[in-house]
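Chemist: below are the sequence and a predicted model; questions follow.
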Amino acid sequence: MAASNSLKNGKSEWLEADGLGGFASGTVSGLRTRRYHALLLAATLPPAGRFVLVNGFDAEVETPEGRFALTTQRYASGVDSPDGITRLENFTLEPWPQWTYSVPPGKIVQEIFVPHGSAAVVCRWRRQGGDDSPWRLRIRPFFSGRNFHALHHENPAFDFDPESTAEGERWHFYDGVPKVEVRGNGAYHHEPCWYRNFLYDEELARGLDAVEDLAAPGCYEFDLGTNPAVLIFSGRDLGRALSPAPLPAVELAEALAQAEKTRRTAFATSRLRAADAYLVKRGSGQTIIAGYPWFGDWGRDTFIALRGLCLATGRLEEARKILTTWAGTVSQGMLPNRFPDGGEAPEYNSVDASLWFVIVAYEFLEAAGADPGLNAAGDILWPAVEAILTGYLRGTRYGIGCDSDRLLACGVPGTQLTWMDAKVDARVVTPRIGKPVEVQALWLNALGLASRRNPQWREAFEQGCASFSDRFWNESRGCLYDVVDVDHQAGQVDDRVRPNQIFAVGGLPLTLLTGDRAARVVQTVEDQLWTPLGPRSLAPGERDYVPHYQGGPQERDGAYHQGTVWPWLAGAFVEAWVRVHGATPGVKAKARELFLSSQLLRADLPGLGHVPEIADGDPPYTARGCPFQAWSLGEILRLEKLLG
């Protein structure tokens, strides 16, 4: 039976994360369409310093009825070869990715999973049906050893020759690149060659280099009988050891599988299992990967996502580790928004990351209640909160500081400080210099929450709230200005309809608007910005609106916050909608029906079991960007708890 068109052409992607920043990923069809699709993508400085070590493989099986491919590669010549994709009959994601191929006289089941906490991936193949005749399976791995953002090309420096070990083979492709160990129950045959001109469609669509050469040192052959065929790829000295003592490959693979099944079944739902992918190690603590496959851990994303991934799901110990890890990075009242992937110094270029930290630290300590182990984190978190508020009150980098009206001013030319942070060459697409509306909501929430512990912040909070009410209301449009005092010019306003205003009503513990004004803001956002995947970043009809996020880097960055849909904003919008409609059980049920079902039940989302980063602003609202996004999923989880 041949694969259905949805399988053969399926671009849906699966993800197996290792808890260290590394992962395995690919498509349902088996075609690698991104430079990030790999079997073994490992973090050398968790969660940073990531390398692609094992890109994929070719597989074929020989039965008494002939030789049959199980895989297909796409090449720049326009050729797809071999024809394994035509034999793909079924795919399932549980408990990990598994493919079933129809191979006369039976079937082959292929499975791939990543053991949590290890830079490793387990691949197994087993036969189903047919007679007792011998089947021969051949697997040819493809290697690179490159930075995960780069592409690999044929060169004389690649070392094809493995070192034989008691467990299998070990390769060291290049100096400065982790070694790769391969354990298996098949026979290795050394047949070094280059496979040239693999084509990655998604990279091509993004206007990036899309062709790669990979090294194929040799082939593994297996007698596919009662036991499965097993290959275990691991990064040498990365992560914990795979086993306390050497085990035969089949036994080791089974032990790892059983441990993973036990770990995964502890999560009550598939969405909770998906959430676990974003919680990763950083040093002796933890952090949150903003999204797979290309993001690292970003301050703003970490704190927003933590509310759903950890607080809403009861993972308070993980929340403690994450918040205390970040608390030690305060500088001049600011938390970094980005740790570069190569491990360089962190980048302090965000006005809101620090404010999100204050709010989430407060929410964490509230959730901790009387638990002494969790509450002890306050000795680390509160000094960081005080340092942030003091720094902002006095003034810090990039023109960030509390103005005489007790609102927070920020911004200098050439720097993007808010979450709308796209930049095309030297041009900041949405500079928002002055007093952005959601920054005020965050600032006043931070002051208000902190004042419950330290009354010194109460006066600034009350004065700021009065100024906000006076200065941000746009009566002519029935909503809030996006920025006031634009470019630090008193009285200059940006009145374009954007979703940032929703944080004055929902998404944060304290509301800045009530009554008719709150209801009008929510109605404006619903009428002009809401789509089935969340709010647009700019209303259609406004100047600079871009309906589709596509093209090369400049075109995409130019559209990023100019109409593109952001699912993470659904959290603030739906919470605001519930608040203005009374927050009764009936209202919550109606909100779930109106706003959540469209996101949670769409079968065409690219990241299986996850929520994407963005989508087009115009129908059909095609999902774009990062297919696995932490704050998108986190806000869905937070809403699920809120709505009951």
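Modeler: Looks like it came in fine.
Chemist: what is the helix or strand encompassing Glu221 packed up against?
Modeler: For Glu221, the enclosing helix or strand under DSSP states H and E is strand 211-223. In terms of contact count using 3 or more Cβ pairs under 8 Å, 6 or more residues apart in numbering; DSSP states H and E, strand 211-223 is assigned the packing partners strand 48-63, strand 136-147, strand 180-184, strand 187-199. Using the backbone N, CA and C atoms, a C-beta is placed for each residue, glycine as well.
Chemist: list the buried residues in the shortest one.
Modeler: Pointing back at strand 180-184 there. For strand 180-184, a neighbour-count test (16 or more other Cβ atoms under 10 Å) marks 180-184 as buried.
Chemist: closest one of the residues you listed to Trp99?
Modeler: Ranked by distance to Trp99 (Cβ to Cβ), these are led by Gly184 at 18.7 Å.
Chemist: burial count for the closest residue to the closest one other than its chain neighbours?
Modeler: Spatially, and ignoring its direct neighbours in sequence, Gly184 is nearest to Leu231 (4.4 Å; Cβ to Cβ, 6 or more residues apart in numbering). By the measure other Cβ atoms under 10 Å, the count of residues near Leu231 is 25.
Chemist: and Leu231, what pLDDT?
Modeler: pLDDT for Leu231: 98.
Chemist: got it, and the one 5 residues further on?
Modeler: Per-residue pLDDT puts Arg236 at 77.
Chemist: could we number from 29 for the rest of this?
Modeler: Happy to do that; since the first residue is 29 now, the last one works out to Arg264.
Chemist: so who does it touch?
Modeler: 198, 206-209 (Cβ atoms under 8 Å, 6 or more residues apart in numbering).
Chemist: is it in a helix, a strand, or coil?
Modeler: strand (DSSP: H, G, I helix; E, B strand; the rest coil).
Chemist: now it: how far from Ala194?
Modeler: Between Arg264 and Ala194 the computed distance is 14 Å (Cβ to Cβ, to the nearest Å).
Chemist: roughly how far is the strand holding Glu249 from the heart of the chain?
Modeler: 30 Å (Cα atoms, centre = their mean, to the nearest Å).
Chemist: ok, now which ones touch the residue nearest to Glu663 when sequence neighbours are not counted?
Modeler: Using Cβ to Cβ, 6+ apart and skipping the chain neighbours, the partner closest in space to Glu663 is Gly599 (3.2 Å). Applying Cβ under 8 Å, 6+ apart to Gly599 gives the contacts 336, 535, 662-664, 666-667.
Chemist: these: which two are farthest apart?
Modeler: Checking those with Cβ to Cβ, the most distant pair is Gly535 and Ile664, at 13.4 Å.
Chemist: helix, strand or coil for the nearest residue to Lys349 once chain neighbours are set aside?
Modeler: Closest residue in space to Lys349, ignoring its immediate chain neighbours: Gln314 at 4.1 Å, by Cβ to Cβ, 6+ apart. Classification of Gln314 using three-state DSSP returns strand.
Chemist: do I have it right that Ile332 meets Trp596?
Modeler: Yes - counting by Cβ atoms under 8 Å, Ile332 does reach Trp596; the two are 6.6 Å apart.
Chemist: what number of residues lie near Gly204?
Modeler: Using other Cβ under 10 Å, Gly204 has 9 other residues around it.
Chemist: look up how far Ala185 lies from it.
Modeler: From Gly204 to Ala185 the distance is 11 Å (Cβ to Cβ).
Chemist: cool, and Lys135?
Modeler: Taken as Cβ to Cβ, the span from Lys135 to Ala185 is 42 Å.
Chemist: do the same with Gly535
Modeler: Computed as Cβ to Cβ, the Gly535 to Ala185 distance reads 51 Å.
Chemist: still on that earlier bit, three-state assignment of the residue nearest to Gly212?
Modeler: strand.
Chemist: tell me the contacts of it?
Modeler: Residues near Leu259 by Cβ under 8 Å, 6+ apart: 150-151, 167, 169, 210-212, 214, 248, 277.
Chemist: cutoff 7 Å now
Modeler: Residues near Leu259 by Cβ atoms under 7 Å, 6 or more residues apart in numbering: 151, 167, 210, 212, 248.
Chemist: quick check: the first one touching Ile140?
Modeler: Yes - the pair Cys151 and Ile140 qualifies as a contact (Cβ atoms under 7 Å) at a distance of 5.4 Å.
Chemist: which stretches in the stretch 229-378 of the chain count as helices?
Modeler: 229-233, 277-293, 298-304, 327-334, 344-355 (DSSP state H, counting those that start in this stretch).
Chemist: the first one - contacts with which helices or strands?
Modeler: Packed against helix 229-233 by the contact rule (3 or more Cβ pairs under 7 Å, 6 or more residues apart in numbering; DSSP states H and E) you find no helix or strand.
Chemist: point out where the protein drops to low pLDDT.
Modeler: 29-38, 265-269, 271-273, 367-372, 626-631 (pLDDT under 70).
Chemist: now with 50, please.
Modeler: For the chain, the stretches with pLDDT under 50 are 29-34, 36.
Chemist: and the residue nearest the centre of it?
Modeler: Gly319 (1.5 Å; Cα atoms, centre = their mean).
Chemist: contacting residues around that residue?
Modeler: 641, 654, 656-658.
Chemist: give me the neighbour count for Pro110.
Modeler: What Pro110 shows, counting by other Cβ under 10 Å, is a neighbour count of 16.
Chemist: same check on Pro400?
Modeler: Neighbour tally, Pro400, other Cβ under 10 Å: 7.
Chemist: thinking again about what came up before, out of the buried residues of strand 208-212, flag the one nearest to Gly427.
Modeler: Val208 (48.1 Å).
Chemist: hey, what's that closest one bridged with?
Modeler: Note on Val208: beta-bridge partners by DSSP bridges are Trp199, Gly263.
Chemist: great, nothing more from me.
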